[in-house]
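Peer 1: sequence below, structure please.
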Amino acid sequence: MSAPIFARTLASAAMIEVFADRAVIEATLAFEAALADAEAAEGVIPSSAVAPIAAACRGEFDIEAIVAEARPAGSLAIPLVKRLTARVAEQDAAAAAFVHRGSTSQDVIDTAMVLVTRRALALIEVELARLTGSLLALARAHVATPMLARTLLQPAQVISFGVKVATWVAPLVRGRERLARAGAAALQLQFGGAVGTLASLGSQGPAVARRLAERLGLPAPEGAWHVQRDAWIALGCELALLCGSLGKIGRDLALLSQGEVGEVAEPTGAGRGGSSAMPNKRNPVAAMTAIAAATRAPHHAAALLTSMAHEHERGLGGWQAELAEWPALFLATHGSLVALADASAGLAVDTARMRANIERQRGTVFAEGAAALLAPTLGKAKAQELLARLSARAITDDVDLRALLRADPALAGIDAAALDAAFDIDAAARQAGEVATTQLDRLDGRVAAYGDTR
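Peer 2: Numbering: from 1, shown residues only. Down below sits the predicted model:
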């Protein structure tokens with residue numbers, strides 16, 4: 001597979017290599033070589049046939065020619081097996097008769113996709129651990145750093161940056177756990193023969209399947225899953241969910257790095273985040289990559305889900321659509337992970353700007369707490385009405401809300417110390433930090449189960 005040029009700019013070179021044409025073909029040939037070995041061990045084919053088949057599987061094949069022949073054939077495996085058989089025949093005509101014995105095209109392709117997907121998941125695991133570790137460290141470093149929370153894109157209350165980062169990392173930890181479970185369920189041998197019963201191998205079919213699974217390092221399933229795609233598609237959907245969680249991080253980074261906000265900035269470097277026209281630009285390219293992945297992933301997942309309605313014992317079109325969509329989810333997910341992991345390791349956090357953005361709200365972000373303080377004296381409804389009116393005036397007249405409350409004759413008896421406490425930026429951040437610390441402690445314990453080190 002060669003991803004289109006624009007898709008490659010959003011993907012990692014490592015993941016592109018995993019799903020490269022040659023890697024997929026090599027995985028199909030690994031299946032064929034292991035199949036011959038397993039069948040010889042069970043006496044299904046002569047042991048003399050194994051070496052010629054294995055040697056042919058190690059050779060080079062004209063991939064473009066195979067792809068061209070696969071279009072009218074309907075499956076990549078058909079021309080591949082034909083060419084493999086011919087190559088074996090060149091060395092041993094008798095052995096050629098035992099190539100692909102008892103298998104079917106879907107066995108070859110599905111198992112090959114399992115093999116490359118296993119490598120793809122390992123890459124995702126590495127980057128997910130790297131990003132999670134960076135974010136956990138970032139959250140700890142800023143567990144009590146005051147920042148403005150925003151709801152519906154408007155100023156809300158004071159939290160800590162540690163709380164913000166904890167909300168980023170928690171879905172990643174859960175996603176990693178779900179991916180592990182989904183991978184364990186999905187990465188299994190596919191081997192069922194023509195209609196899923198291994199009929200051509202008779203009573204030896206199950207034993208061959210077990211040996212084949214062992215040679216490929218895969219679990220042997222209860223039976224063929226040719227048209228039972230639930231576990232496989234669930235894995236794809238977990239990737240889409242992870243992309244969504246990464247997109248949330250990317251969206252927040254993009255908003256926080258806007259010049260008018262200026263609370264965080266991605267690291268800079270030669271050729272990173274620049275503009276072809278404006279030398280002053282510092283574009284959040286990691287956020288961009290994550291948002292792009294989150295935008296595309298749902299459509300790939302929807303195509304996978306739609307492809308599940310296979311007809312009878314072999315699907316017509318659905319399976320082929322699934323194969324075409326599958327790599328895109330891995331390319332998007334890994335590209336997003338790499339970009340965010342790189343950015344988070346060098347993220348610039350402007351704590352002074354965070355405080356300044358809070359102070360620009362003229363104390364209105366503490367209106368809820370002030371209303372609660374006044375409610376016993378004024379009643380809840382009147383306290384809410386007063387704070388709403390004074391908050392609007394504070395912004396319009398650029399006056400601190402606390403000063404307006406102190407100047408109101410109706411509030412002459414208010415406890416000044418309690419009022420000051422209700423408007424304490426650092427106290428609010430510390431309280432938020434306590435919430436974040438509890439969550440981070442739990443997340444650290446879950447991450448420790450994977451043996452990560454930071």
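Peer 1: for the stretch 151-300 of the chain, what spans make up the helices?
Peer 2: 161-186, 205-216, 230-256, 285-306 (DSSP state H, counting those that start in this stretch).
Peer 1: can I get the ones you listed in JSON lines including mean neighbour count?
Peer 2: (Glycine included, C-beta is placed from N, CA and C.) Output for the helices of the stretch 151-300 of the chain, formatted as JSON lines (neighbours: other C-beta atoms under 10 Å):
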{"stretch": "helix 161-186", "mean neighbour count": "20"}
{"stretch": "helix 205-216", "mean neighbour count": "19"}
{"stretch": "helix 230-256", "mean neighbour count": "21"}
{"stretch": "helix 285-306", "mean neighbour count": "21"}
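Peer 1: so what touches the helix or strand containing residue 356?
Peer 2: Secondary structure assigned from DSSP states H and E places residue 356 in helix 351-359. Contacts with helix 351-359, where a contact means C-beta atoms under 8 Å, 6 or more residues apart in numbering, come from 142, 145, 146, 147, 148, 158, 161, 261, 262, 263, 365, 425.
Peer 1: now tabulate the helices of the stretch 151-300 of the chain in CSV and tack on mean pLDDT and distance to residue 441.
Peer 2: Output for these, formatted as CSV (pLDDT from 0 to 100; distance: least, C-beta to C-beta, whole Å):
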stretch, mean pLDDT, distance to residue 441
helix 161-186, 98, 10
helix 205-216, 98, 41
helix 230-256, 98, 21
helix 285-306, 97, 27
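Peer 1: could you dump the ones you listed to a markdown table with distance to residue 123?
Peer 2: Shown next, in a markdown table, are these (distance: least, C-beta to C-beta, whole Å):
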| stretch | distance to residue 123 |
| --- | --- |
| helix 161-186 | 12 |
| helix 205-216 | 19 |
| helix 230-256 | 12 |
| helix 285-306 | 15 |
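Peer 1: for the ones you listed, which one sits closest to residue 6?
Peer 2: helix 285-306 (9.6 Å; C-beta to C-beta).
Peer 1: tell me what the closest one is packed against?
Peer 2: helix 230-256, helix 318-345 (3 or more C-beta pairs under 8 Å, 6 or more residues apart in numbering; DSSP states H and E).
Peer 1: out of these, which comes closest to residue 76?
Peer 2: It is, among the helices and strands packed on helix 285-306 and with distance given as C-beta to C-beta, helix 318-345, at 8.5 Å.
Peer 1: what helices or strands is the closest one leaning on?
Peer 2: By 3+ C-beta pairs under 8 Å, 6+ apart, helix 318-345 packs against helix 13-18, helix 105-141, helix 230-256, helix 285-306.
Peer 1: looking at this, residue 149 is in a strand?
Peer 2: Yes - the assignment for residue 149 by DSSP: H, G, I helix; E, B strand; the rest coil puts it in a strand.
Peer 1: next, count neighbours for it.
Peer 2: Residue 149: 16 surrounding residues under other C-beta atoms under 10 Å.
Peer 1: check contacts around residue 399.
Peer 2: Taking C-beta under 8 Å, 6+ apart, one finds 362, 393 in contact with residue 399.
Peer 1: pLDDT wise, what is it at?
Peer 2: Looking at residue 399, its pLDDT stands at 95.
Peer 1: so which helix or strand takes in it?
Peer 2: Using DSSP H and E, no helix or strand contains residue 399.
Peer 1: do residue 67 as well
Peer 2: helix 63-73.
Peer 1: helix, strand or coil for residue 383?
Peer 2: Under three-state DSSP, residue 383 comes out as helix.
Peer 1: who's in contact with the residue nearest to it when sequence neighbours are not counted?
Peer 2: Spatial nearest neighbour of residue 383, chain neighbours left out: residue 374 (4.1 Å); criterion: C-beta to C-beta, 6 or more residues apart in numbering. Counting by C-beta under 8 Å, 6+ apart, residue 374 touches 383, 386, 387, 411, 414.
Peer 1: just residue 163 next, same as before
Peer 2: 149, 432, 433, 435, 436.
Peer 1: distance-wise, check residue 429 relative to residue 116.
Peer 2: 47 Å (C-beta to C-beta, to the nearest Å).
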